[in-house]
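S.K.: return a 3D structure for these sequence lines:
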Amino acid sequence: SAVVEAAYTETPLIIITADRPKNFRGTGAPQSIEQANIFGSYVSQSYDYAAGETLNIEWSYEKPIHLNICFDEPLIDEEKLDIKKYSQQKFNKPEKEKLQSLDFKNPLIVLGGMNSEESKNIEKCLQGWPGPIFAESLSGLKNAKSLTASLLKSTDKIISRLLIEKRIDSVIRIGDVPVGRFWRDLDRLNVPTLSISSKNFKGTTSSELVYTDLEIVDPKVMNWKVNDWSQLKEEDSHYFQKTQSLLTDLPESEAAYYKKIEKASQNSQMIFVGNSLPIRLWDMVDEGLSPVYASRGVNGIDGQVSSAMGLVQPHSKNWIVLGDLTTLYDFSGFWMTQYLEKISAEVNFVVVNNFGGQIFSRLFESPMFLNSHNVSFEALAKMWGWEYRKNPDNLNSEWNSKLRFIEIQPNKEQTDIFWERYDQIWKK
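M.R.: The predicted model follows:
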């Protein structure tokens, strides 16, 4: 999964695999499989080398590369690969001269995932933009002061409504492919879409793509027309307040717990949020006061514990927020506990345990889709030496350890009521 994730996030990953001698292939010899080209289209190049051969590499950094190195016995120091040449192919990201060339009359700008430098430049580019902007948590611009007049505050449900009612005629995505459900509907609704991203992926089948470096986009190109949207701003504020009231009225619902976690983690150095329902609920409640990270290349739930552990900052306050199935998928990721202790990191590991894949409970009637279970995570925490608490009243209370495992078990009845009332808010 790491290789696929790296391919879709354009992370420069070098995969080095050790192999048995080439003449063992196809013989059924012990521990011999076909490793050359095993990663298929998810690597830009796959190099298959034996000891004594010269290793010549050309790499654009667009995708990972795979180095499959074959060794024979005896494994002695004198037998080695001769790496005589390493050539780096410079990777230039082209930028279209006229981003505003498409005939957009009333677009909505959606800000997806970006790194900090990209966020800074895009914020400058959009200062003075007179139309609506929807910023996801991963954009780092959800609380951008200079964009306050344009930022929508309610959830991405408002985008779905605007699209269905044809109150916006197009979507301009800046950054990574958005988290929200609305994005999947753009093709079905035939909505003209322009994607401006440092990742070479359109995100939909029909989107126009400007593949460019977001750190150096010229503000002058952000110059599309837009109609008056004052009425929409009032509606957005109304839906935002209604949602906040629900979170207050149903404090033990799953969404309300995410709000409590978001409050407790504000101003932390690192917050990692898992895929599926966690990242969507986080986007609903996030105030944008801390940097948020997620693995959004493939959007799957495997390898999330390992990814989060790898992002932990030393001598700092870190929060990891995952779902129960996501944590179960990557039990082995906790081997990094020993490393976290060495770097004196403070880590609050939160598992929101709704006893299955509850994101599917709103999509399918059959419980077969939920992968339901009755597992508690206390034994896992104790196995790796983490201090454990379940549903603590105060998420920022005093702990005896820097490694804290928090299990949240939301109230199912309150959660069901929350979603029922939330859906009613958006019905006319």
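
S.K.: CA atoms for contacts and neighbours, from now on please.
M.R.: Will do.

S.K.: buried ones in the helix or strand hosting E117?
M.R.: Here E117, judged by DSSP states H and E, is contained in helix 116-126. By 16 or more other C-alpha atoms under 10 Å, the buried positions in helix 116-126 come out as 118-123, 125-126.

S.K.: now do stretch 107-117
M.R.: By 16+ other C-alpha under 10 Å, the buried positions in stretch 107-117 come out as 107-114.

S.K.: hmm, who's touching it?
M.R.: Contacts with stretch 107-117, where a contact means C-alpha atoms under 8 Å, 6 or more residues apart in numbering, come from 131-141, 168-179, 215, 224-226.

S.K.: now which of those residues would you call buried?
M.R.: 131-141, 168-179, 215, 224, 226.

S.K.: so which of those residues belong to strands?
M.R.: 133-135, 170-174 (DSSP state E).

S.K.: what sits up against stretch 334-349?
M.R.: 305-306, 309, 312-321, 384, 402-406.

S.K.: if we can go back for a sec, wait, which of the buried residues of helix 116-126 is closest to A256?
M.R.: Each of these was scored against A256 by C-alpha to C-alpha, and S119 proved nearest at 28.3 Å.

S.K.: per-residue pLDDT, that closest one?
M.R.: For S119, the model assigns a pLDDT of 96.

S.K.: you'd agree it is up against A144?
M.R.: No: judged on C-alpha atoms under 8 Å, S119 makes no contact with A144 at a distance of 9.5 Å.

S.K.: returning to what we had before: tabulate the buried residues of stretch 107-117 (JSON lines), appending secondary structure and distance to F71.
M.R.: Shown next, in JSON lines, are the buried residues of stretch 107-117 (DSSP: H, G, I helix; E, B strand; the rest coil; distance: C-alpha to C-alpha, whole Å):
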{"residue": "P107", "secondary structure": "strand", "distance to F71": "58"}
{"residue": "L108", "secondary structure": "strand", "distance to F71": "56"}
{"residue": "I109", "secondary structure": "strand", "distance to F71": "53"}
{"residue": "V110", "secondary structure": "strand", "distance to F71": "50"}
{"residue": "L111", "secondary structure": "strand", "distance to F71": "48"}
{"residue": "G112", "secondary structure": "coil", "distance to F71": "44"}
{"residue": "G113", "secondary structure": "coil", "distance to F71": "42"}
{"residue": "M114", "secondary structure": "coil", "distance to F71": "41"}
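
S.K.: quick one on the thing from earlier: and the helix holding E117, how far from the chain's centre?
M.R.: Centre-to-centre, helix 116-126 and its host chain are 19 Å apart (C-alpha atoms, centre = their mean, to the nearest Å).

S.K.: tell me which two of the ones in strands among the buried ones among the contacts of stretch 107-117 sit farthest apart.
M.R.: Greatest spatial distance among these (C-alpha to C-alpha): A135 and S170, at 16.1 Å.

S.K.: can I get the buried residues of helix 116-126 in a markdown table including distance to N275?
M.R.: As requested, the buried residues of helix 116-126 are exported to a markdown table (distance: C-alpha to C-alpha, whole Å):
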| residue | distance to N275 |
| --- | --- |
| E118 | 22 |
| S119 | 22 |
| K120 | 25 |
| N121 | 27 |
| I122 | 25 |
| E123 | 26 |
| C125 | 29 |
| L126 | 28 |
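
S.K.: tell me the one of the residues you listed nearest F24?
M.R.: Set against F24, the nearest of the buried residues of helix 116-126 by C-alpha to C-alpha is E118 (48.5 Å).
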